[in-house]
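Engineer: Structure for the following, please:
(chains A and B)
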There are 2 protein chains.
Amino acid sequence: MTGNTISPPPGHGLPDEEFQSRFERAQAAMHRHEVDAIVVTAPHNVRYFTGFNTQFWESPTRPWFVIVPREGEIIAVIPEIGVPGMEMTWVRDIRHWPAPQPEDDGLSLLGSALADLPSRFGRVGWEMGRESVIRMPISDFDKLRAQQSNLEFVNGSGLIWELRMVKSEPEIDRIRHACHIASAAFEALPATLEAGDTEYDASRKIRTELMRFGADTVPFAAVISGHDGYDQIIVGPSERKLGSGDILFIDLGATYDGYSCDFDRNFSFGEPSDLVARAHETVWQATEAGIAAARAGATTRDLWQAMAKVLDAGGSAGLNVGRLGHGLGMQLTEPPSNMPGDDTPLVPGMVMTIEPGMEFAPGKMLVHEENVVIREGGCELLTWRASRSLPVIPV
Amino acid sequence: MTGNTISPPPGHGLPDEEFQSRFERAQAAMHRHEVDAIVVTAPHNVRYFTGFNTQFWESPTRPWFVIVPREGEIIAVIPEIGVPGMEMTWVRDIRHWPAPQPEDDGLSLLGSALADLPSRFGRVGWEMGRESVIRMPISDFDKLRAQQSNLEFVNGSGLIWELRMVKSEPEIDRIRHACHIASAAFEALPATLEAGDTEYDASRKIRTELMRFGADTVPFAAVISGHDGYDQIIVGPSERKLGSGDILFIDLGATYDGYSCDFDRNFSFGEPSDLVARAHETVWQATEAGIAAARAGATTRDLWQAMAKVLDAGGSAGLNVGRLGHGLGMQLTEPPSNMPGDDTPLVPGMVMTIEPGMEFAPGKMLVHEENVVIREGGCELLTWRASRSLPVIPV
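Structural biologist: Reported below is the predicted structural model:
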């Protein structure tokens, strides 16, 4: 036990003022980007602007549209099934159709809402760019573009991420709480693990602990193992059995009130080999360097450089991940990326993962990860810092 | 206790022959649809053709592409981070780039793979249509379309759903197992619930039971309640406290080996009112009618009609869902839809939800759901049938 305690639950649902403030920031950004509106269709963007919180996105059947105009009020153009739920949010202009209706699934309703928008720039931003998906049939999107010939459909992803990248204190409270819940679950896990468990067993155990400590959902729980290290970090669990000499890697995206943590922990079945212990020390120290470098005014390249320097000195043979951490919020990963060429200036309120990793022998990786929020002059650690030595599961 | 037992776990991972057979069916379909290839980018389609099983789709950063050609072998064009994982699958032609690389995230690599394809029809199918999303920046998709001027990009969604709609026996085994796990969890739940629990408490309890009985993940668990019924079925849980006279509705999409169940159960806190009990009997009987109508040769309209008749006779004031059930498989909902105008003929191997519901008083709904697989002359029930009377939680 580390003696850490979980932050009090901040509660579910954000106040209307939070959405009002997002809308105002969006309107100012639309002015700068010279668009009359942005239209969002994807789960996290719809929730960001409306507060509409559902797991129903798992059903691909019905498209949903939210128009965020530079002037006027937010308009939700949604399937009938969602009307009572949308009425619980701060959105007042709710237009609906009896979906599913394949021959016209909201398209004409959306089209007339767009045509009625006050036009100054003649441009509408859509989720067309980096780290974005338009969640509607693209054949319908093509049709809409052709119909709305007096409107230019432009890439609004940069504008949207610019808003989402900097978190409010209520958002940070939720991410911190998710981080604490996962930290507590990670701390409790070793007592439940035993040699002979499969990766799937370990997965069910960590998910159960997450529920016990108050997580709402677990969209991501990569559970991966290998003798003396692992060769990748995104495919798993499998039915591989855990035993002496194995390193178990668990990377968690658990949520509280729709906000996620994203960090991992490593466990050694039996005492780690010297090779693994040395690599672990390097990656742990690289994390220290990343945390120390995380402050307002630094850039994502600075973060990368601070970690890369330690990894290189520790004998890193590279990493197939392509970056050493990223933004975090409603989604497991968000812009920006800690890597050369990204060069995003860190500002207070940005929540970042510090995620150094390296291949230290052929096919053997170790990856660490912590979550921080950028503050003036430094950062606040949101996770409970991993122990300097690998936790050992008796075998 | 109903005396039902959970089917033996079918195990994780499908044999290469399953993917070989999918590929052959796809190639025959491509011939019929006159396309040279289909390109898939979305999680379930990538997994359907390759077996690549990851939760990493939660990260929106990197696009993934799989080319399924009418001639030749499947080509994966993927970020470097996925290479070791893709090498575990049956796919042999794996091309990769060091993602993230915003200035060219796989686009030129994908473009040259497409340009090299044997061309007969000059058409390539994409996930452009109904119940589909292209999981890549659409600005990149537009650029690719413009570059590949000798290839027509057409809507391949119909072709893909045609394949996925009919399940193999290994797929049905996995859906059945997911259904049994959720049935057992639903059966165990009442003993853990008590008046004063919030919907979030109930959510954590059912998720914990799902883990205990062997579920892998729980992408969907709508937990919703209301006095004498509920007014919607997609937004929840909330912090509402459960008490006397409440109906608790839980709709579950839990997975085993990447295959989902999708069915709900209702619980009454204290004895239900006569109004609720009568509505429950109607919806339970409508489910019976739906199950009886589910057989090869019937259509989705027939299924709808069988249920709608019972609901109308029971005083239904309608339903905002737009249909009375749908296909089920890797995703919580898949085509087809049980509704007039769909008219899909049911064939053996189709897994369907039977999902009647109605508004029986203003703002008061009841929805039931069971899962079946279509067989010659009838159907096999995959879920453990809901009890005819509402389970009562003592208050």
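Engineer: switch to C-alpha atoms for all contacts and neighbour counts from now on
Structural biologist: OK.
Engineer: From chain B, how far out is A:Val35?
Structural biologist: Look at A:Val35 and chain B: by Cα to the nearest Cα, to the nearest Å, they are 17 Å apart.
Engineer: swap in A:Arg130?
Structural biologist: A:Arg130 is 6 Å from chain B, by Cα to the nearest Cα.
Engineer: can you tell me which residues contact that residue?
Structural biologist: A:Ser157, A:Gly158, B:Thr61, B:Pro102, B:Pro137 (Cα atoms under 8 Å, 6 or more residues apart in numbering or on different chains).
Engineer: What of A:Pro356?
Structural biologist: A:Pro356 neighbours (Cα under 8 Å, 6+ apart): A:Val283, A:Ala286, A:Thr287, A:Met307, A:Ala308, A:Leu311, A:Leu324, A:Gly325, A:Val367, A:His368, A:Glu369.
Engineer: Just the buried residues out of the contacts of A:Arg130, in ChimeraX syntax.
Structural biologist: Selection of the buried residues among the contacts of A:Arg130 in ChimeraX, burial being defined by 16 or more other Cα atoms under 10 Å in any protein chain shown:
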select /A:157,158 /B:61,137
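Engineer: least trustworthy position among the contacts of A:Arg130, going by pLDDT?
Structural biologist: For the contacts of A:Arg130, the model is least confident at B:Pro102; its pLDDT is 91.
Engineer: for chain B, what are the nearby residues on the stretch 151-300 of chain A?
Structural biologist: Counting by Cα under 8 Å from any Cα of the partner chain, the residues of the stretch 151-300 of chain A close to chain B are A:155, A:200, A:203-205, A:207-208, A:211-212, A:214-222, A:231-236, A:238-239.
Engineer: ok, of those residues, which come out buried?
Structural biologist: A:155, A:200, A:203-205, A:207-208, A:211, A:214-222, A:231-236, A:238.
Engineer: want to throw the contacts of A:Arg130 into CSV with distance to B:Ala296 and secondary structure?
Structural biologist: Conversion of the contacts of A:Arg130 to CSV gives the following (distance: Cα to Cα, whole Å; DSSP: H, G, I helix; E, B strand; the rest coil):
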residue, distance to B:Ala296, secondary structure
A:Ser157, 46, helix
A:Gly158, 50, helix
B:Thr61, 43, coil
B:Pro102, 49, helix
B:Pro137, 40, coil
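Engineer: Go through the contacts of A:Arg130 and say which is closest to A:Val351.
Structural biologist: B:Thr61 (16.2 Å; Cα to Cα).
Engineer: Now name the helix or strand holding the residue nearest to that closest one when sequence neighbours are not counted.
Structural biologist: Using Cα to Cα, 6 or more residues apart in numbering or on different chains and skipping the chain neighbours, the partner closest in space to B:Thr61 is A:Glu131 (4.7 Å). Following DSSP states H and E, one finds A:Glu131 outside all helices and strands.
Engineer: Okay, now the unreliable bits of chain A?
Structural biologist: A:1-2 (pLDDT under 70).
Engineer: For the nearest residue to A:Gly363 once chain neighbours are set aside, give its distance to B:Glu152.
Structural biologist: Among residues not flanking A:Gly363 along the chain, A:Asp231 sits closest, at 4.7 Å (Cα to Cα, 6+ apart). Distance, A:Asp231 to B:Glu152, by Cα to Cα, to the nearest Å: 39 Å.
Engineer: do A:Ile134 as well
Structural biologist: Look at A:Ile134 and B:Glu152: by Cα to Cα, they are 21 Å apart.
Engineer: between these two, who's got more neighbours?
Structural biologist: A:Ile134 (22 against 14; other Cα atoms under 10 Å in any protein chain shown).
Engineer: quick one: secondary structure of the more buried one?
Structural biologist: Secondary structure assignment for A:Ile134 (DSSP: H, G, I helix; E, B strand; the rest coil): coil.
Engineer: ok, now how distant is it from A:Pro43?
Structural biologist: A:Ile134 sits 10 Å away from A:Pro43, going by Cα to Cα.
Engineer: that older thread, residues contacting the residue nearest to B:Thr61?
Structural biologist: A:Glu131 is in contact with A:Ser157, A:Glu334, A:Pro335, B:Pro60, B:Thr61, B:Arg62, B:Met136, B:Pro137, counting by Cα under 8 Å, 6+ apart.
Engineer: if you set the cut-off to 10 Å instead, what comes out?
Structural biologist: For A:Glu131, the contacting residues are A:157-158, A:161, A:333-335, B:59-63, B:100, B:102, B:135-137, by Cα atoms under 10 Å, 6 or more residues apart in numbering or on different chains.
Engineer: Do a quick rundown of the helices in the stretch 101-250 of chain A.
Structural biologist: Ranges of helices in the stretch 101-250 of chain A, per DSSP state H, counting those that start in this stretch, are A:107-115, A:138-147, A:157-165, A:169-188, A:199-212.
Engineer: and the ones you listed as a markdown table, adding distance to B:Ile94?
Structural biologist: As requested, the helices of the stretch 101-250 of chain A are exported to a markdown table (distance: least, Cα to Cα, whole Å):
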| stretch | distance to B:Ile94 |
| --- | --- |
| helix A:107-115 | 38 |
| helix A:138-147 | 27 |
| helix A:157-165 | 29 |
| helix A:169-188 | 35 |
| helix A:199-212 | 26 |
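Engineer: A:Ala254 is nearest to which of the ones you listed?
Structural biologist: Closest to A:Ala254 of the helices of the stretch 101-250 of chain A, according to Cα to Cα: helix A:169-188, at 6.4 Å.
Engineer: Sticking with A:Ile291, tell me its helix or strand.
Structural biologist: In this structure, A:Ile291 is located in helix A:274-293 according to DSSP H and E.
Engineer: Who are the packing partners of the helix or strand following that helix?
Structural biologist: Where DSSP H and E defines the elements, the next helix or strand beyond helix A:274-293 is helix A:300-313. Identification of packing neighbours for helix A:300-313 by 3 or more Cα pairs under 10 Å, 6 or more residues apart in numbering or on different chains; DSSP states H and E yields helix A:274-293, strand A:334-337, strand A:351-354, strand A:357-361.
Engineer: Dump those into JSON lines; add mean neighbour count as well.
Structural biologist: What follows is the helices and strands packed on helix A:300-313, written out as JSON lines (neighbours: other Cα atoms under 10 Å in any protein chain shown):
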{"stretch": "helix A:274-293", "mean neighbour count": "21"}
{"stretch": "strand A:334-337", "mean neighbour count": "24"}
{"stretch": "strand A:351-354", "mean neighbour count": "30"}
{"stretch": "strand A:357-361", "mean neighbour count": "23"}
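Engineer: Among these, which comes closest to A:Phe141?
Structural biologist: strand A:334-337 (24.6 Å).
Engineer: Could you please name the strands the closest one pairs with and the direction of each pair?
Structural biologist: According to DSSP bridges, strand A:334-337 forms sheet pairs with strand A:326-327 (antiparallel).
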